[in-house]
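Trainee: Please work out how this folds:
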Amino acid sequence: MSELVTGDAVVLGLRPARLPSRALAVAIDLMVLVAAFVLVSIGLAVASPSLDEAASAAIGVAAFLLVLVGAPIAVETLSHGRSLGKLACGLRVVRDDGGPIRFRHALVRGAMGVVEILMVFGVIACIASLVSARGRRLGDVFAGTLVVRERVPASRATAVPPPPPWLVGRFAGLDLSAVPDGVWLEIRQYLTRMRQLDPGVEQFMAQRLAGELVARTGVPVPQGVPAPAYLAGVVHERQTREAWRLHALAERARGRGQAQAQAQARVEWAGAGGVSGVPASGVVRIGEVGGAGGSGGSGGKRSGEAPTGFAPPA
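Mentor: Numbers count the residues shown, from 1 in each chain. From the prediction side, this is the model:
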C-alpha cells in the first residue's frame, strides 16, 4: 500500500494501480472508443456522400478528436475518474492528495494520452508506468493525478481505535449536528493512521482536529483529556448515536409492518362476513345466534343473563 500524505499530514491508505490492471482498463476503453469511432465514421459517410475529399478528411479528423480524445476527457470529468474500463477493473483516477479530479486534470491526461498511448501504441505509457514507483504514466505526472484501486479487501480495512473506557458516554450531551462530513473523514483518517505518523506531526494534527471540533460544537476539551483520546471519544459517541438511530428506524419499520398486517387481517375478516353465525362487527349478543330470536327456542334470550360478547352455551 502506498501512503499518500495530504497537506495536513493525513495519511491516506490508497493502493496505486499497477500496469496489468491499468493496461486491461485501457484496452476496454479503447475497444469501446474504436467501436464508437467506426460507427460515427460510417454514419457520417452515409449522411454526406457528396462531400469532396478535403471535407471528408476534415470531418474524419473532427470525429477522431471528438470520440477518441474528447469523449474520454468528458467521461473522466463527469464520473470523477471512472471510465468504463476503470469501472470494470475497480480503478479510479484521483489527485495526488486523494481528492476527485476536475476538468483540468482530465484534459491534461487526455492530451498526453494521445501522445503516449494512441500515437505510439502505449509504449511510452508502459515504460513510464514501470519506472514510476506508483505506476504513473506521463499524463498522471503532468496532471498531478494517480490511478488507484477502489476494490480493497474488507479484511484489510483499518477500524477506528476505541476510546479509553473512562471516556465512553462522557460526550452524550454534545451537539454534533454542526460538524461536517469532511471533518469526520479527517478525524477518522487520523485515528486509523496516527501510529504511523511522526510524534510531532501526530500531536499537531490531534490539536488541530480537536480545535476544529471545539469550534463546531462550542464545548471545550475536558481538562486533562489528551487530544487523541478526545477525538476517539467523540467519534465513538457519533457511531453510537448512528447505531441507535438505525435501530430505531428498523424497529419503527417493523412496528408499521405489524400494524399493517393486523389491519389487513381485520379488513379481510370483515370482508368475508366473519365466521359462521357471528356478525362482521365481531360482537355477538345473546339471542342473535341460533335462530330468528324466537321466544321459546333454545336460541331465545334467557332471563337474567346479561350480554357478554360471547354466545351462551346450548
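Trainee: Low-confidence bits of this structure, can you list those?
Mentor: Low-confidence segments of the chain, defined by pLDDT under 70: 1-14, 151-158, 265-314.
Trainee: What are the boundaries of the strands in it?
Mentor: Under the criterion DSSP state E, the chain carries strands at the ranges 2-5, 11-16, 91-95, 145-149.
Trainee: tell me the angle the third one makes with strand 145-149.
Mentor: Counting by axes from the mean of the first three to the mean of the last three CA atoms, to 10 degrees, strand 91-95 points 150 degrees away from the direction of strand 145-149.
Trainee: Determine the set of other helices and strands touching strand 91-95.
Mentor: helix 19-47, helix 84-89, helix 103-113, strand 145-149 (3 or more CB pairs under 8 Å, 6 or more residues apart in numbering; DSSP states H and E). All C-beta atoms are positioned from the backbone trio N, CA, C, and that covers glycine.
Trainee: and the ones you listed, which is most packed in?
Mentor: Neighbour counts (mean count of other CB atoms under 10 Å) averaged over each of the helices and strands packed on strand 91-95 peak at strand 145-149, with a mean of 22.
Trainee: Alpha carbons only: can I get it in PDB?
Mentor: C-alpha atoms of strand 145-149 as PDB (Å, rounded to 0.1, in the frame of the first residue of the first chain):
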ATOM      1  CA  THR A 145      -3.000  12.500 -10.600                       C
ATOM      2  CA  LEU A 146      -2.800   8.900  -9.600                       C
ATOM      3  CA  VAL A 147      -4.800   5.800 -10.600                       C
ATOM      4  CA  VAL A 148      -5.800   3.800  -7.500                       C
ATOM      5  CA  ARG A 149      -7.600   0.600  -6.700                       C
END
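Trainee: mind listing what it pairs with, with the direction of each?
Mentor: strand 11-16 (antiparallel), strand 91-95 (antiparallel) (DSSP bridges).
Trainee: which residues sit against it?
Mentor: Applying CB atoms under 8 Å, 6 or more residues apart in numbering, the contact partners of strand 145-149 are 4, 14-17, 21-22, 81, 86, 90-96, 101, 105, 109, 134-136, 139-140.
Trainee: give me that answer again for 6 Å
Mentor: Contacting residues not belonging to strand 145-149 are listed as 14-17, 22, 90-95, 101, 105 [CB atoms under 6 Å, 6 or more residues apart in numbering].
Trainee: before we move on, what about stretch 24-44?
Mentor: By CB under 6 Å, 6+ apart, stretch 24-44 touches 59, 63, 67, 68, 83, 84, 85, 86, 88, 89, 91.
Trainee: again, only using 7 Å
Mentor: 59-60, 63-64, 67-68, 71-72, 83-86, 88-89, 91, 117, 122 (CB atoms under 7 Å, 6 or more residues apart in numbering).
Trainee: Repeat that for stretch 111-128.
Mentor: Outside stretch 111-128, the residues touching it (CB under 7 Å, 6+ apart) are 19, 26, 68, 69, 136, 137, 138, 139, 142.
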